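Trainee: Just the structure for this:
(chains A and B)
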Amino acid sequence: MSDSVLHVPRDQLTETVAGLRDEGYVSVLDVTAVDYLEHPGRTDLPPEVAPERFELVVTLISHAAPGRIRLRVQVPADDPTVATLFDLYPGTEALEREVADMFGIIFEGHPDPSRILMPPDWEGHPLRKDFAVGRIPVQFKATR
Amino acid sequence: MTATEPSATDTAVRLREDSAVLRIGEDDGERLEAESSASDTSMIMNMGPQHPSTHGVLRLMLEMEGETVMRSKPVIGYLHTGMEKTAETLTYLQGPTNVTRMDYAAPLFSELAFSMATEALLGLELPPRATWIRMLMCELNRISSHLLFQATNGMDIGAVSMMLYGWREREEALRLLETITGLRMNHNYIRPGGVAADLPDGWRDEVLTLIDALPARLKEFDTLLTGQPIYRERLQGVGVINTAECLALGVTGPILRSTGYAWDLRRDMPYLAYDQMDFDVVVGTYGDCFDRYAIRLNEIRESIRILAQILDQMPSGDYRVQDKKVTPPPRARIDESMEALIHHFKIFTEGFKVPAGEVYAAVESPRGELGCYMVSDGSAVPYRMHIRGPSFVNLQTLPHLMRGGMVADAVAIISSVDPIMGEVDR
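Mentor: Next up, the predicted model:
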């Protein structure tokens, strides 16, 4: 049941996904990210892929020949931007908003780049590894 | 009926440009209201987050034209507790206690996805009985989850007595889950390496009692709801969606199947031992609220069929893998062996190390594809754990389903999407 994995350069993500759509990958199931800041050693990357701090993980599914494919995209910390997949699969809207909210990765061309889970005035991106657990004071508006 | 099916590209373009989704900030409603001119007859109304029909803390911003819903936006995050962040501090053995609280109506499925991801990283092969116990528990849980839907859906539509019947049957199913796992909800029963405990004595009779009693009760549901003209009037033709739209939006589960598209991971990408089960994938025809109701009702019947087969074929043997790296020693060994005591202590304090890697494991939960993406760095806690909640993605259909309908329809539509906010917000 292992899925196929594809390492995609950041600037080719849109073309790759468009190509996969024409091959019968009917849905984007999941868009998420990983912050590799504190990872001790990454050995699962092929030699031609240069590791970066963030990795965007896009999972697509094909129904005709049942199977999933996982696209792994390296996103540098100093320029965390990726082109949105909203134009190809409108269902990525909420998933990309979550990644933007939790990791601070900016999706260029996204129709609604607002925070989705955290309050609109929250500072920081909680799932980044340098965001401490249980930080105080709590930033909710009512407590100010 | 047109001659050509709309292509995926056309559907994506239409969904993108169709102004069903209201894209304003969650604080902007009042400001826009104040700025709007007298000639502007639309108004922005908030529904929720405290509203009995929003299944918890879902808030909807509705752009209303009189009684008609134009654009809308689901605002979520009120139940966000950072469970994915928490997961990065819990060992693989503690992990299920965390994920089980996401989809609280179907907790065993999150535990299963989490455990399957961990086992894939460990390269563990489960003993057959563990697999079959998991399947038994998941189908029981699917029944209880769909019964909860029947109860709340009936209540939302105005068939309030349905709430009592649905709740009564669900409680029967939960009582059985409690007998086996010790808890009504948040079981922490399915764990990496197998399940927490073997089935108790008499489990077979208890399951039999339940699946013997349920079909007659489901018939009562049919009498009360399915054939009921007022009920049908409220649901038929309301909240219609088609297959291409579902696929473009990433929708899975009963909503996708209601459009007549047979896609069920249990049949199409089998996990556990579902490839040995004989059951039908229930599909609808029109993709409306009524189809989604009928699919869930009939999926209970299919689950009963699966349970009957599991009862016949349940293998004997170990209920968890006998790998000393993952499985704590039996309680009796601790009293007689120093090594067993140390081993027990180490597993529950340090946890077990999982080889570095990344994996995605998915199961068919009552709401659709529930996936777990896990990254390990070789230590005893996940480096990153992400749950792909079906409710989270399915919620994106709401603006498209509600556009042009009445507020009363919106209530029926939210109910038919059956979101569990614990899983949406995580």
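
Trainee: What residue in the stretch 101-250 of chain B comes nearest to chain A?
Mentor: The nearest approach of the stretch 101-250 of chain B to chain A comes at B:Gly250, 3.2 Å away (Cβ to the nearest Cβ). Using the backbone N, CA and C atoms, a C-beta is placed for each residue, glycine as well.

Trainee: separation between the residue positioned nearest the centre of chain B and chain A?
Mentor: In chain B, the centroid-proximal residue (Cα atoms, centre = their mean) is B:Arg367; its distance is 3.9 Å. Between B:Arg367 and chain A the computed distance is 14 Å (Cβ to the nearest Cβ, to the nearest Å).

Trainee: Quick check: that residue touching B:Val251?
Mentor: No. When contacts are counted by Cβ atoms under 8 Å, B:Arg367 is not listed as touching B:Val251 (10.2 Å).

Trainee: list residues touching both of these two?
Mentor: Any residue near both B:Arg367 and B:Val251 by Cβ atoms under 8 Å, 6 or more residues apart in numbering or on different chains counts here, and that gives B:Asn394.

Trainee: Contacts (any at all) between chain A and whichever strand or helix holds B:Asn141?
Mentor: Assigning secondary structure by DSSP states H and E places B:Asn141 in helix B:128-157. No. Helix B:128-157 stays clear of chain A (Cβ under 8 Å from any Cβ of the partner chain), getting no nearer than 13.5 Å.

Trainee: just how off-centre is that helix within its chain?
Mentor: Averaged C-alpha coordinates place helix B:128-157 at 9 Å from its chain's average position (Cα atoms, centre = their mean, to the nearest Å).

Trainee: what does stretch B:390-399 give?
Mentor: 12 Å.

Trainee: That stretch - what's its average pLDDT?
Mentor: Averaged over stretch B:390-399, pLDDT sits at 91.

Trainee: how long is that stretch from one end to the other?
Mentor: 17 Å (Cα to Cα, to the nearest Å).

Trainee: Setting the sequence-adjacent residues aside, check what's closest to B:Tyr271.
Mentor: In this structure, B:Tyr271 finds its nearest non-sequential neighbour in B:Val363, 6.1 Å apart by Cβ to Cβ, 6 or more residues apart in numbering or on different chains.

Trainee: Thought B:Leu370 was touching the one you found, still the case?
Mentor: Yes. At 5.5 Å, B:Val363 and B:Leu370 qualify as touching, with contact defined as Cβ under 8 Å.

Trainee: which of the two has more neighbours?
Mentor: B:Leu370 (29 against 24; other Cβ atoms under 10 Å in any protein chain shown).

Trainee: Now do the contacts for the closest residue to chain B within chain A.
Mentor: Residue nearest to chain B within chain A: A:Gly91 (3.2 Å; Cβ to the nearest Cβ). Residues in contact with A:Gly91, defined by Cβ under 8 Å, 6+ apart, are A:Ser27, A:Val28, B:Ala248, B:Leu249, B:Gly250, B:Val251, B:Val393, B:Gln396.

Trainee: domains for chain B, by residue range?
Mentor: By the assignment in automatic domain parsing, chain B contains the domains B:8-75, B:83-425.

Trainee: Okay, now the longest one: how far is its last residue from its first?
Mentor: Which is domain B:83-425. End-to-end distance of domain B:83-425: 9 Å, with Cα to Cα as the criterion.

Trainee: quick one: low-confidence ranges for the stretch 1-150 of chain B?
Mentor: The stretch 1-150 of chain B contains residues with pLDDT under 70 at B:1-8, B:12-14, B:16-18, B:29-30, B:32-40, B:52-54.

Trainee: Please, where are all the strands along it?
Mentor: B:42-47, B:59-65, B:68-75 (DSSP state E, counting those that start in this stretch).

Trainee: could those strands go into CSV alongside mean neighbour count and distance to B:Thr9?
Mentor: Below are the strands of the stretch 1-150 of chain B laid out as CSV (neighbours: other Cβ atoms under 10 Å in any protein chain shown; distance: least, Cβ to Cβ, whole Å):
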stretch, mean neighbour count, distance to B:Thr9
strand B:42-47, 17, 31
strand B:59-65, 19, 28
strand B:68-75, 22, 23
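
Trainee: out of the ones you listed, nearest to chain A?
Mentor: Closest approach to chain A among those is made by strand B:68-75 (8.3 Å; Cβ to the nearest Cβ).

Trainee: packing partners for that closest one?
Mentor: Judged by 3 or more Cβ pairs under 8 Å, 6 or more residues apart in numbering or on different chains; DSSP states H and E, the packing partners of strand B:68-75 are strand B:59-65, helix B:398-402, helix B:407-417.

Trainee: tell me the angle the helix holding B:Asn141 makes with helix B:407-417.
Mentor: Relative orientation of helix B:128-157 and helix B:407-417, computed by axes from the mean of the first three to the mean of the last three Cα atoms, to 10 degrees: 170 degrees.

Trainee: got the buried residues for the helix or strand that helix B:128-157 is followed by?
Mentor: Going down the chain from helix B:128-157, the next helix or strand is helix B:160-181, by DSSP H and E. For helix B:160-181, the buried set under the neighbour-count rule, 16 or more other Cβ atoms under 10 Å in any protein chain shown, comprises B:162-163, B:165-167, B:169-170, B:172-174, B:176-177, B:180-181.

Trainee: Quick one: name the residues of the stretch 51-200 of chain B near chain A.
Mentor: So far as Cβ under 8 Å from any Cβ goes, the stretch 51-200 of chain B lies against chain A at B:Ile76, B:Gly77, B:His80, B:Gly82, B:Glu84, B:Lys85, B:Thr86, B:Thr89, B:Ala120.

Trainee: Tell me how far the fourth one lies from B:Leu247.
Mentor: What it means is B:Gly82. Applying Cβ to Cβ, to the nearest Å, the value for B:Gly82 to B:Leu247 is 31 Å.

Trainee: next one: the first one
Mentor: Note on B:Ile76: its distance to B:Leu247, by Cβ to Cβ, is 22 Å.

Trainee: What is the lengthiest helix in chain A packed up against?
Mentor: Counting by DSSP state H, the longest helix found in chain A is helix A:92-103. Judged by 3+ Cβ pairs under 8 Å, 6+ apart, the packing partners of helix A:92-103 are strand A:25-35, strand A:106-108, helix B:390-394.

Trainee: again, only using 10 Å
Mentor: With contacts taken as 3 or more Cβ pairs under 10 Å, 6 or more residues apart in numbering or on different chains; DSSP states H and E, helix A:92-103 sits against strand A:25-35, strand A:54-62, strand A:81-83, strand A:106-108, helix B:83-87, strand B:384-388, helix B:390-394.

Trainee: right, is the longest one up against chain B?
Mentor: Looking back up the chat, that one is strand A:25-35. Yes. For strand A:25-35, a contact with chain B is found by Cβ under 10 Å from any Cβ of the partner chain, at A:Tyr25, A:Val26, A:Ser27, A:Val28, A:Leu29, A:Asp30, A:Val31, A:Thr32, A:Ala33, A:Val34, A:Asp35.

Trainee: try the third one
Mentor: No. Contact between strand A:81-83 and chain B, assessed by Cβ under 10 Å from any Cβ, is absent, since the two come no nearer than 14.7 Å.

Trainee: Please identify the buried residues of that strand?
Mentor: A:Val82, A:Ala83.

Trainee: mind listing what it pairs with, with the direction of each?
Mentor: Taking DSSP bridges as the criterion, strand A:81-83 pairs within the sheet with strand A:106-108 (parallel).

Trainee: Please apply the same query to the first one.
Mentor: With DSSP bridges as the test, strand A:25-35 is paired with strand A:54-62 (antiparallel).

Trainee: Around B:Pro127, how many other residues sit close by?
Mentor: Per other Cβ under 10 Å, the neighbour tally for B:Pro127 reads 18.
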